[in-house]
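**Student:** sequence-free structure coming up:
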C-alpha cells in the first residue's frame, strides 16, 4: 500500500483525496473532502485572482496540508485547472502553495484535465470486459464508447473513448464563468438563459470537430453541478454520494431536473437538502450547460442510430485520476 494525496483546485472548489493505492489500480479512500472557495471569482471579467479569493483558497490549502501530514501521505500531487490557467497573477497563488505544501502546482491543460477525469470516472463503472456482447454469429459487438463530461466552474471537458481516452476537448464554459457573465436576476430571465445556451452551443460547435459526439453510447457526467442535478432527480433527502455515484437515470428525468433547478428562485434552491451553499448561485447556469450538452449528444446519437436513453453520474472524477497517476509517477 502507498498512501497518496491528490488535490484538485478548480474555479469553484478545492478538493482533497487521501487514499491508499493497492498496486493493482485500486484506491481506498482515507479522506475525501471539498471546500467551495470560488478561486475563480471575477477572473472571467478581470483576468486576475482577487485577494479575497486567494486568501480563501490558501486557507484551505493550509488545512489540507495539515490533513496530509496527519494521515501520512507519502506522495502529493496538486493540480489546478481553468481559473488558474486564465489568471495573469497565477504565480502569486502557485508560489504560495509551494511554500505551504512543498510540492509544485501543476497548471494542467484542458486536455489533460479531461484525460484524468475520464480515468477517474470509469472507476465507478463495471470492468469494461463485461460490457462486450456477442451476436448470433459470435462476432463481438463494438466496445462501448464512453463520453465523460466534466462540468466545472470555469470549463467543461468532453472526452470520449473505450477503456482509454481517444479524443478530448476543453470548452471555456463553466457554471461560475457563465453565471457571472449572464445572470443578474432571480430566478434567471429567459434572455439570460438563452445567452448561456448560445455560449454553450457555440463552444460545442467547435468541440465537435475534435470529439465526435455521435460515437457516444454512454454519457457519464462528473463534478458538483452534475451530482447536484442527479440528487434532485433522485429526490434525495440529503446529499448521498453512495446513492448518486454510478446511478443511471433516464435522459428525460435529468432534463426535467435541469429545468426545475434553472427556474427555481434562490430561496428555494437554498432550501434543498442536498444543495451545497457554494453552488446555490451557480447551479442554474450549470443546469443549462448540462441540458444543452445532453441535448446535443442525444441529437448526434439518434442521427447515428443509437438513441441516448440513459445518463450515468459518477462521484469519481479528476481527483481519482490524479490519485491513480501517483501509482506510476
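**Tutor:** Yep, it's here. Computed from a predicted structure; not experimentally measured.

**Student:** thought residue 272 was touching residue 232?
**Tutor:** Yes. Residue 272 is within contact range of residue 232, at 7.0 Å (criterion: Cβ atoms under 8 Å). In short, each C-beta sits where N, CA and C put it, glycine included.

**Student:** the more surrounded of those two?
**Tutor:** residue 232 (23 against 18; other Cβ atoms under 10 Å).

**Student:** is it fair to say the more buried one lies in a helix?
**Tutor:** Yes. Residue 232 forms part of a helix when assessed by DSSP: H, G, I helix; E, B strand; the rest coil.

**Student:** any idea how far residue 266 is from residue 63?
**Tutor:** 28 Å (Cβ to Cβ, to the nearest Å).

**Student:** and what about residue 95, helix, strand or coil?
**Tutor:** Under the three-state scheme (three-state DSSP), residue 95 adopts helix.

**Student:** that one and residue 219, how far apart?
**Tutor:** Per Cβ to Cβ, residue 95 is found 39 Å from residue 219.

**Student:** was I right to think residue 78 contacts residue 7?
**Tutor:** Yes. At 4.4 Å, residue 78 and residue 7 qualify as touching, with contact defined as Cβ under 8 Å.

**Student:** mutual contacts of those two, please.
**Tutor:** Common contacts of residue 78 and residue 7 (Cβ atoms under 8 Å, 6 or more residues apart in numbering): residue 101.

**Student:** how about the contacts made by the residue lying closest to residue 74 once chain neighbours are set aside?
**Tutor:** For residue 74, ignoring the flanking residues on the chain, the nearest one in space by Cβ to Cβ, 6 or more residues apart in numbering is residue 3 at 5.3 Å. Counting by Cβ under 8 Å, 6+ apart, residue 3 makes contact with 18, 19, 20, 21, 30, 71, 72, 73, 74, 75.

**Student:** just confirm residue 3 is within a helix.
**Tutor:** No. Read with three-state DSSP, residue 3 is strand and lies in no helix.

**Student:** what's across from it in the sheet?
**Tutor:** With DSSP bridges as the criterion, residue 3 is bridged to residue 20.

**Student:** that one and residue 208, how far apart?
**Tutor:** Between residue 3 and residue 208 the computed distance is 41 Å (Cβ to Cβ).

**Student:** next one: residue 109
**Tutor:** Residue 109 sits 19 Å away from residue 208, going by Cβ to Cβ.

**Student:** those two: who's more crowded?
**Tutor:** residue 208 (16 against 12).

**Student:** pull the contacting residues for the more buried one.
**Tutor:** By Cβ under 8 Å, 6+ apart, the contact set of residue 208 is 296, 300.

**Student:** show me where pLDDT drops low in the stretch 101-250 of the chain?
**Tutor:** Within the stretch 101-250 of the chain, the ranges that satisfy pLDDT under 70 run 126-142.

**Student:** what ranges do the helices span in the stretch 101-250 of the chain?
**Tutor:** Ranges of helices within the stretch 101-250 of the chain are 110-121, 175-182, 190-207, 224-233, 241-244, based on DSSP state H, counting those that start in this stretch.

**Student:** dump those into JSON lines; add distance to residue 286 as well.
**Tutor:** Formatted as JSON lines, these follow (distance: least, Cβ to Cβ, whole Å):
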{"stretch": "helix 110-121", "distance to residue 286": "16"}
{"stretch": "helix 175-182", "distance to residue 286": "3"}
{"stretch": "helix 190-207", "distance to residue 286": "10"}
{"stretch": "helix 224-233", "distance to residue 286": "3"}
{"stretch": "helix 241-244", "distance to residue 286": "15"}
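
**Student:** so which of those is nearest residue 158?
**Tutor:** Across the helices of the stretch 101-250 of the chain, the minimum distance to residue 158, taken as Cβ to Cβ, is reached by helix 190-207, at 5.6 Å.

**Student:** show me what the closest one is packed up against.
**Tutor:** Secondary-structure packing of helix 190-207 (3 or more Cβ pairs under 8 Å, 6 or more residues apart in numbering; DSSP states H and E): strand 156-161, strand 165-171, helix 175-182, helix 283-303.

**Student:** quick one: which of the contacts of residue 3 is nearest to residue 259?
**Tutor:** residue 19 (36.4 Å).

**Student:** that closest one: what's it in contact with?
**Tutor:** Residues near residue 19 by Cβ under 8 Å, 6+ apart: 3, 4, 5, 6, 27, 28, 29, 30, 32, 323.

**Student:** which of those fall in strands?
**Tutor:** Counting by DSSP state E, the part of those found in strands is 3, 4, 5, 6, 27, 28, 29, 30, 32.
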